[in-house]
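Asks: Would you be able to build a 3D model of this:
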Amino acid sequence: MRAPRLIPPLCCALWLFQALPASAAPPTPGGEPPAGLIQANAEALCFFMEEIAAQPKQPDCEEKTAQELSALYPSLPPAQRAQLQQLQAEWPTLRQQWLALDETQKETIRSQWAAMAQEQQSQQGVGGSGPSPTP
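Replies: Down below sits the predicted model:
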(Lines give C-alpha, C1' and ligand atoms only; values in the text may rest on other atoms or scores of the structure.)
Protein backbone atom coordinates (compact mmCIF):
# COMPACT_ATOMS: atom_id res chain seq x y z
CA MET A 1 0.00 0.00 0.00
CA ARG A 2 1.37 3.40 -0.96
CA ALA A 3 1.63 5.93 1.87
CA PRO A 4 -0.77 8.88 1.56
CA ARG A 5 0.71 12.31 1.25
CA LEU A 6 0.26 13.61 4.79
CA ILE A 7 3.14 16.04 4.79
CA PRO A 8 2.10 19.51 3.57
CA PRO A 9 -0.71 20.50 5.96
CA LEU A 10 1.06 19.28 9.07
CA CYS A 11 4.40 20.78 8.11
CA CYS A 12 2.74 24.07 7.28
CA ALA A 13 1.16 24.08 10.71
CA LEU A 14 4.40 23.26 12.49
CA TRP A 15 6.32 25.90 10.57
CA LEU A 16 3.58 28.39 11.26
CA PHE A 17 3.73 27.64 14.97
CA GLN A 18 7.52 27.94 15.06
CA ALA A 19 7.38 31.23 13.16
CA LEU A 20 4.88 32.86 15.51
CA PRO A 21 6.28 35.97 17.16
CA ALA A 22 7.58 35.57 20.70
CA SER A 23 5.72 38.72 21.69
CA ALA A 24 2.31 39.16 20.15
CA ALA A 25 1.27 42.36 18.44
CA PRO A 26 -1.80 44.20 19.71
CA PRO A 27 -5.00 42.21 19.15
CA THR A 28 -6.92 42.87 15.98
CA PRO A 29 -10.69 43.22 15.78
CA GLY A 30 -12.39 39.86 15.45
CA GLY A 31 -9.62 38.18 17.38
CA GLU A 32 -11.69 35.17 18.45
CA PRO A 33 -10.80 31.98 16.57
CA PRO A 34 -13.56 29.92 14.95
CA ALA A 35 -14.99 27.13 17.09
CA GLY A 36 -12.68 24.14 17.34
CA LEU A 37 -9.74 25.80 15.57
CA ILE A 38 -7.44 26.01 18.59
CA GLN A 39 -8.13 22.46 19.79
CA ALA A 40 -7.72 20.89 16.33
CA ASN A 41 -4.44 22.71 15.75
CA ALA A 42 -3.14 21.88 19.22
CA GLU A 43 -3.89 18.18 18.62
CA ALA A 44 -2.23 18.23 15.20
CA LEU A 45 0.85 20.10 16.38
CA CYS A 46 1.39 17.83 19.37
CA PHE A 47 0.88 14.76 17.19
CA PHE A 48 3.36 16.05 14.65
CA MET A 49 5.99 16.95 17.24
CA GLU A 50 5.56 13.56 18.92
CA GLU A 51 6.03 11.72 15.63
CA ILE A 52 9.16 13.65 14.68
CA ALA A 53 10.72 13.34 18.14
CA ALA A 54 9.69 9.67 18.42
CA GLN A 55 9.03 10.26 22.11
CA PRO A 56 5.83 10.00 24.10
CA LYS A 57 3.69 13.11 24.00
CA GLN A 58 3.82 15.19 27.15
CA PRO A 59 0.53 14.84 29.06
CA ASP A 60 -0.12 18.60 28.95
CA CYS A 61 1.12 19.21 25.39
CA GLU A 62 -2.29 19.94 23.87
CA GLU A 63 -3.32 22.16 26.77
CA LYS A 64 -0.13 24.23 26.67
CA THR A 65 -0.20 24.47 22.88
CA ALA A 66 -3.86 25.52 22.93
CA GLN A 67 -3.12 28.22 25.50
CA GLU A 68 -0.26 29.57 23.40
CA LEU A 69 -2.26 29.53 20.18
CA SER A 70 -5.20 31.22 21.91
CA ALA A 71 -2.97 33.99 23.21
CA LEU A 72 -1.29 34.53 19.85
CA TYR A 73 -4.33 34.19 17.58
CA PRO A 74 -5.49 37.84 17.82
CA SER A 75 -2.09 39.02 16.53
CA LEU A 76 -1.87 36.63 13.58
CA PRO A 77 -2.15 38.05 10.07
CA PRO A 78 -4.93 36.69 7.83
CA ALA A 79 -2.60 34.32 5.96
CA GLN A 80 -1.56 32.54 9.15
CA ARG A 81 -5.17 32.38 10.35
CA ALA A 82 -6.08 30.77 7.02
CA GLN A 83 -3.37 28.14 7.49
CA LEU A 84 -4.76 27.29 10.92
CA GLN A 85 -8.25 26.98 9.43
CA GLN A 86 -6.94 24.72 6.67
CA LEU A 87 -5.32 22.41 9.18
CA GLN A 88 -8.50 22.37 11.28
CA ALA A 89 -10.44 21.20 8.23
CA GLU A 90 -7.87 18.56 7.22
CA TRP A 91 -6.90 17.20 10.63
CA PRO A 92 -9.68 14.54 10.94
CA THR A 93 -8.77 13.06 7.55
CA LEU A 94 -5.06 13.16 8.26
CA ARG A 95 -5.59 11.40 11.58
CA GLN A 96 -7.65 8.63 9.88
CA GLN A 97 -5.06 8.19 7.14
CA TRP A 98 -2.29 7.90 9.73
CA LEU A 99 -4.12 5.16 11.60
CA ALA A 100 -4.48 3.17 8.37
CA LEU A 101 -0.73 3.07 7.71
CA ASP A 102 1.57 0.25 8.72
CA GLU A 103 4.69 0.98 10.78
CA THR A 104 7.02 0.96 7.77
CA GLN A 105 4.92 3.61 6.02
CA LYS A 106 4.75 5.68 9.19
CA GLU A 107 8.52 5.56 9.59
CA THR A 108 9.00 6.76 6.01
CA ILE A 109 6.68 9.70 6.61
CA ARG A 110 8.30 10.50 9.98
CA SER A 111 11.67 10.74 8.23
CA GLN A 112 10.22 13.05 5.58
CA TRP A 113 8.60 15.26 8.23
CA ALA A 114 11.84 15.48 10.21
CA ALA A 115 13.84 16.41 7.11
CA MET A 116 11.29 19.02 6.05
CA ALA A 117 11.11 20.55 9.52
CA GLN A 118 14.89 20.68 9.79
CA GLU A 119 15.20 22.27 6.34
CA GLN A 120 12.55 24.86 7.17
CA GLN A 121 14.26 25.69 10.47
CA SER A 122 17.58 26.21 8.75
CA GLN A 123 16.00 28.44 6.08
CA GLN A 124 13.88 30.59 8.37
CA GLY A 125 15.24 29.98 11.84
CA VAL A 126 12.98 29.35 14.75
CA GLY A 127 11.66 32.74 15.76
CA GLY A 128 8.66 31.72 17.77
CA SER A 129 7.92 30.64 21.24
CA GLY A 130 6.62 27.25 20.25
CA PRO A 131 8.42 24.02 21.05
CA SER A 132 10.93 22.78 18.52
CA PRO A 133 10.87 19.18 17.40
CA THR A 134 13.97 17.12 17.99
CA PRO A 135 14.63 15.12 14.81
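Asks: Can you pull out the low-pLDDT segments for the chain?
Replies: For the chain, the stretches flagged by pLDDT under 70 are 1-30, 121, 124-135.
Asks: Run through the strands of it in chain order.
Replies: Ranges of strands within the chain: none, based on DSSP state E.
Asks: State the distance from Gln83 to Met49.
Replies: Separation of Gln83 from Met49 (CB to CB, to the nearest Å): 17 Å. The way it works is simple: take the backbone N, C-alpha and C, and place the C-beta from them, glycine included.
Asks: Looking at the two, which is more packed in?
Replies: Met49 (24 against 18; other CB atoms under 10 Å).
Asks: Hmm, that one is touching Cys61, no?
Replies: Yes - assessed by CB atoms under 8 Å, Met49 is found in contact with Cys61 at 7.4 Å.
Asks: Measure how buried Ala40 is and give me the count.
Replies: As a burial measure, Ala40 scores 22 neighbours (other CB under 10 Å).
Asks: wait, doesn't it sit right on Trp91?
Replies: Yes - judged on CB under 8 Å, Ala40 makes contact with Trp91 at a distance of 4.8 Å.
Asks: need the contact list for the nearest residue to Ser70 once chain neighbours are set aside.
Replies: Computed as CB to CB, 6 or more residues apart in numbering, the closest residue to Ser70 that is not its neighbour in sequence is Ile38, at 5.3 Å. The neighbours of Ile38, taking CB atoms under 8 Å, 6 or more residues apart in numbering as the test, are Ala66, Leu69, Ser70, Tyr73.
Asks: 7 Å - rerun?
Replies: Residues in contact with Ile38 (CB atoms under 7 Å, 6 or more residues apart in numbering) are Ala66, Leu69, Ser70.
Asks: Quickly note the distance from it to Ala89.
Replies: Distance, Ile38 to Ala89, using CB to CB: 14 Å.
Asks: Please apply the same query to Arg110.
Replies: Remark: distance between Arg110 and Ala89 (CB to CB) = 23 Å.
Asks: More neighbours: the two, which one.
Replies: Counting neighbours by other CB under 10 Å for Arg110 and for Ala89 shows that Arg110 has the greater number, 16 against 13.
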